[in-house]
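Asker: Predicted coordinates and the sequence they were generated for:
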Amino acid sequence: MRIAPPTESSIAKASAAIRSGKLVVIPTETVYGLAADATKREAVLSIFRAKGRPLENPLIVHVGYPNWVGSLVESIPDAAQRLMDSFWPGPLTIVLRKRAVVLDEVTAGLGTVAVRMPSSPIALAVIRGAGVPIAAPSANKFMALSPTRSEDVDPELAAHAEMVLDGGPCEVGLESTVVDCTELTPRVLRPGRISKADIERVLGLRIDQGSGTEKRSPGQYPRHYAPRTPVRLVDRVPDNSPGVVFGMQRNSSQFSMPDDPDAFGAMLYNTLSQMDRQGLGEILVEKPPETSEWEAVWDRLRKATG
C-alpha cells in the first residue's frame with residue numbers, strides 16, 4: 001500500500017492519475033474515498049470491481065466548485081440551492097435530476113445523480129487539479145467499515161489504487177448526509193453530521209425521512225459499514241468484558257467514547273476497526289441516547305449490527 005503525504009507534488013500526481021483513468025484513495029472530511037474520474041466509464045467500473053460493489057448501488061459525484069453542478073443536472077431547485085449555499089463545502093450530498101451526460105454506471109441507471117462538494121482541502125485540491133468531477137465512495141470493500149485513517153484502508157482494496165493520500169484522521173468520521181431534492185418536499189435518505197433539523201432550519205419547512213421506492217443514495221442496505229466481527233448493542237458492557245463504553249474504561253480492553261454525538265461519530269469507525277483486529281467473538285457497544293442529535297450514529301450502529 002503506497003501511502004503518500006499530501007504534498008503539492010503527491011496531490012498533483014493523484015490528480016494526474018485520476019485524469020488518466022486510474023484510482024486514488026483520498027481523504028475527505030467524512031471518510032477516505034476511492035476516487036476516479038466520474039466521466040470515464042471504465043474508471044467508474046474499476047471502482048465497482050475494486051470494492052466488490054453491486055452496480056445497483058449509485059455513486060456520489062464530488063465537485064470542485066458549486067458551478068460544476070450545472071453541467072451534471074437538469075436544474076437546481078430553490079431548496080437545493082439554499083442547501084448548497086448553507087452547507088457547501090461540507091458533508092452534505094444532494095440528489096437531483098441528472099443530465100444525459102452523467103454515466104448510467106454512476107447513477108445505477110436512475111434518472112437522478114447524487115452530488116456534493118467536500119470541505120477537505122486535500123480532496124478539493126485533487127478534484128480541482130484533475131479538473132473533472134470524481135466518483136469517490138468510501139475506500140472499503142462493499143459493506144465493510146469505512147476507513148477514517150489511512151492505516152484503516154484495506155490493503156487488498158488499496159492494491160487497486162495508484163496511491164493513498166494520508167490526510168490524517170477524518171474530521172467528521174461518518175458518511176455525508178444525503179437529501180433528495182427531486183420532489184416538492186425534500187427527503188433525507190441517509191443521516192449524517194448535518195441533521196434533519198439543520199436542513200429544516202435552512203429551508204423553513206418540515207422534510208421527510210426515508211429512502212422511498214428507489215435507492216437513489218448509497219448506504220440504503222440494512223447491513224452496511226460493518227466490521228467482520230458481529231456487533232451487539234447493549235445497555236451496559238459488563239465490567240470485565242471488552243467493548244465500547246461511555247465514561248471511564250472499566251478494564252484495559254474497553255474503548256471509552258465521548259458523550260457528544262459529533263465526537264462519538266468521528267471516533268466510531270476507527271474504534272470498531274481497532275476492536276475488529278482483536279479476534280473477539282463479538283463487539284459489544286453501549287447504546288447511545290435515543291435523541292435526534294444521535295440519529296446518524298444510531299443509523300450506523302444499526303447497519304453495523306445488520
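Answerer: Cool, got the structure.
Asker: From here on, just use CA atoms for contacts and neighbour counts.
Answerer: Fine.
Asker: Given the helix or strand of the chain with the lowest mean pLDDT, what are its sheet partners and their directions?
Answerer: When the helices and strands of the chain are scored by mean pLDDT, DSSP states H and E, strand 208-209 comes last with a mean of 83. Strand pairing for strand 208-209, determined by DSSP bridges: strand 187-190 (parallel).
Asker: How far off centre is the partner strand?
Answerer: Offset of strand 187-190 from its chain centre (CA atoms, centre = their mean, to the nearest Å): 14 Å.
Asker: Go through the helix or strand following it and flag the buried ones.
Answerer: Per DSSP states H and E, strand 187-190 leads on to helix 196-203 as the next helix or strand towards the C-terminus. Judged by neighbour count using 16 or more other CA atoms under 10 Å, the buried positions of helix 196-203 are 196, 199, 203.
Asker: counting contacts, what elements does helix 196-203 pack onto?
Answerer: In this structure, helix 196-203 makes packing contacts with helix 78-87, judged by 3 or more CA pairs under 8 Å, 6 or more residues apart in numbering; DSSP states H and E.
Asker: Tell me which strands whichever helix or strand comes after the helix it packs on pairs with, and in which orientation.
Answerer: Going down the chain from helix 78-87, the next helix or strand is strand 92-97, by DSSP H and E. According to DSSP bridges, strand 92-97 has the following sheet partners: strand 112-116 (antiparallel), strand 177-180 (parallel).
Asker: Which one, of those, ends up nearest to residue 75?
Answerer: The closest of the strands paired with strand 92-97 to residue 75 is strand 112-116. By CA to CA, the value is 11.3 Å.
Asker: need the strands paired with strand 92-97 in CSV with distance to residue 254 and mean neighbour count, can you?
Answerer: Shown next, in CSV, are the strands paired with strand 92-97 (distance: least, CA to CA, whole Å; neighbours: other CA atoms under 10 Å):
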stretch, distance to residue 254, mean neighbour count
strand 112-116, 36, 27
strand 177-180, 29, 27
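Asker: Next one: the residue most central in space within the chain from residue 265, what distance?
Answerer: Per CA atoms, centre = their mean, the C-alpha nearest to the average position across the chain is that of residue 175, at 2.8 Å. Distance, residue 175 to residue 265, using CA to CA, to the nearest Å: 10 Å.
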